[in-house]
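> test case, fold it:
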Amino acid sequence: MGGTAEPAARRPLTLYTTVLALSCACAAASATQAAAADLPARSAGADWYTGASQQAVDDSWAVAVDGSTSVTSNSSAFGSVTVTAAPNGSPTRDGLRVRVDAIGGTYSYPGRSVATRVTGYQQEGALQAGYEWIWKDAALAGFIGFNVRSNQLSIPDPGNPVVGTGVGLKVAGNFYATPTDRTMVSAYGSYSTKFNAYYSRLRVGYMLADGVYIGPEALFLGDDFFRQYRIGAHLTGVRFGPVQMSVAAGYVRDRVQGSGYYSSIEARSTF
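Numbers count the residues shown, from 1 in each chain. Below is the predicted model of the structure:
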């Protein structure tokens, strides 16, 4: 229940928001598409939220903004915003990265120690720095920093140790690859010493149309109070003007709440 942010997610798990969290790659501005055609045909920076890849190398943007929302039938709802920047160069080439996350949400669960339903509220912010390596058909990035997380309950619950506000060390990594012309693999994972919160997601996809993938996904998340896994399907890379979208849905199993269903929507835009 108590939760932890990323790539967006907690189910009566507060943690699944830690999830992050997470979002999609965005389309390049039309004014720069012609210039991009003159650049080497190497893959753009990996989208560790959705696994979507940019179809042309575009050096015109320096900041990516990702947003996501996730809800479960187990009485949880979370949202997140992530800003990633390449402070000393192009985000489509190897180099330093800076990332800022903001996550918030609510969840409820049957309090075994208090014999009534407990509602939780979670907020989290994180600042991380890292480095990303980019090859023709793959990208790998690692980050380290700190997060500040606050978890509050509607009533005291002696059975839930994930309560209060504190600072933790946070590490994260993401990988993206296109093994063939029509397939992709995307993986993301993070861990914070605050409440021992962890989040991981793996996606594989098959290209239905240019830059649009469909396929299965698996997520594992938890903290000192809850543990959860999700198995579902995603549709990634659908574009609406300058925004690229991803949707997913599937089955969730939570240690505290039991079985249920989840859904998520993610979006990315670049500047």
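> from here on, contacts and neighbour counts on C-alpha atoms
OK.
> can I get stretch 255-271 as CSV, trimmed to CA atoms?
Once side chains and other backbone atoms are set aside, the C-alpha atoms of stretch 255-271 remain, and they are given as CSV (Å, rounded to 0.1, in the frame of the first residue of the first chain):
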residue,chain,number,x,y,z
ARG,A,255,0.2,-8.8,-1.5
VAL,A,256,-2.2,-6.7,0.5
GLN,A,257,-5.2,-6.2,-1.9
GLY,A,258,-5.1,-9.4,-3.9
SER,A,259,-6.0,-9.5,-7.6
GLY,A,260,-7.3,-6.7,-9.8
TYR,A,261,-6.8,-4.8,-13.0
TYR,A,262,-4.7,-1.8,-14.0
SER,A,263,-4.6,0.7,-16.8
SER,A,264,-2.1,3.5,-17.7
ILE,A,265,-1.8,6.3,-20.2
GLU,A,266,1.5,8.0,-20.9
ALA,A,267,2.6,11.0,-23.1
ARG,A,268,5.8,12.7,-24.1
SER,A,269,6.6,16.0,-25.7
THR,A,270,10.0,17.6,-26.4
PHE,A,271,11.3,21.1,-26.5
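> give the buried residues for it.
Neighbour-count burial for stretch 255-271, with 16 or more other CA atoms under 10 Å as criterion, is recorded at 256-257, 260-270.
> and if you look at stretch 153-170?
Buried residues in stretch 153-170 (16+ other CA under 10 Å): Leu153, Asp157, Asn160, Val162, Val163, Val167, Gly168, Leu169, Lys170.
> out of those, which sit inside strands?
Counting by DSSP state E, the part of those found in strands is Leu153, Val167, Gly168, Leu169, Lys170.
> ok, of those, which one's closest to Ile231?
Using CA to CA, Lys170 comes nearest to Ile231 of these, at 25.1 Å.
> my read is that that closest one contacts Val148, right?
No - taking CA atoms under 8 Å as the definition, Lys170 is not a contact partner of Val148, at 9.7 Å.
> if we can go back for a sec, dump the buried residues of stretch 153-170 to JSON lines, plus pLDDT and distance to Ile214.
Shown next, in JSON lines, are those (pLDDT from 0 to 100; distance: CA to CA, whole Å):
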{"residue": "Leu153", "pLDDT": "96", "distance to Ile214": "38"}
{"residue": "Asp157", "pLDDT": "94", "distance to Ile214": "41"}
{"residue": "Asn160", "pLDDT": "94", "distance to Ile214": "38"}
{"residue": "Val162", "pLDDT": "96", "distance to Ile214": "36"}
{"residue": "Val163", "pLDDT": "96", "distance to Ile214": "38"}
{"residue": "Val167", "pLDDT": "98", "distance to Ile214": "37"}
{"residue": "Gly168", "pLDDT": "97", "distance to Ile214": "35"}
{"residue": "Leu169", "pLDDT": "98", "distance to Ile214": "34"}
{"residue": "Lys170", "pLDDT": "98", "distance to Ile214": "30"}
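> out of those residues, who's nearest Pro87?
Using CA to CA, Lys170 is the member of those that sits closest to Pro87, with 20.4 Å.
> show me the beta-bridge partners of the spatially closest residue to the closest one that is not a sequence neighbour.
Using CA to CA, 6 or more residues apart in numbering and skipping residues adjacent in sequence, the residue nearest Lys170 is Ser192, 4.2 Å away. Under DSSP bridges, the beta-bridge partners of Ser192 are Lys170, Ala197.
> give me the pLDDT for Ser192.
What the model reports as pLDDT for Ser192 is 98.
> contact partners for it?
For Ser192, the residues meeting the contact criterion (CA atoms under 8 Å, 6 or more residues apart in numbering) are Phe146, Asn147, Gly168, Leu169, Lys170, Val171, Tyr198.
> for Thr106, see how far away it is.
Distance from Ser192 to Thr106, counting by CA to CA, to the nearest Å: 20 Å.
> just the strands from the stretch 101-250 of the chain, written as ranges.
Secondary structure of the stretch 101-250 of the chain (DSSP state E, counting those that start in this stretch): strands located at 116-134, 138-153, 164-177, 183-192, 197-209, 212-222, 227-240, 243-254.
> so which of those comes closest to Asp66?
Distances from Asp66 to each of the strands of the stretch 101-250 of the chain were compared using CA to CA; the shortest belongs to strand 243-254, at 9.6 Å.
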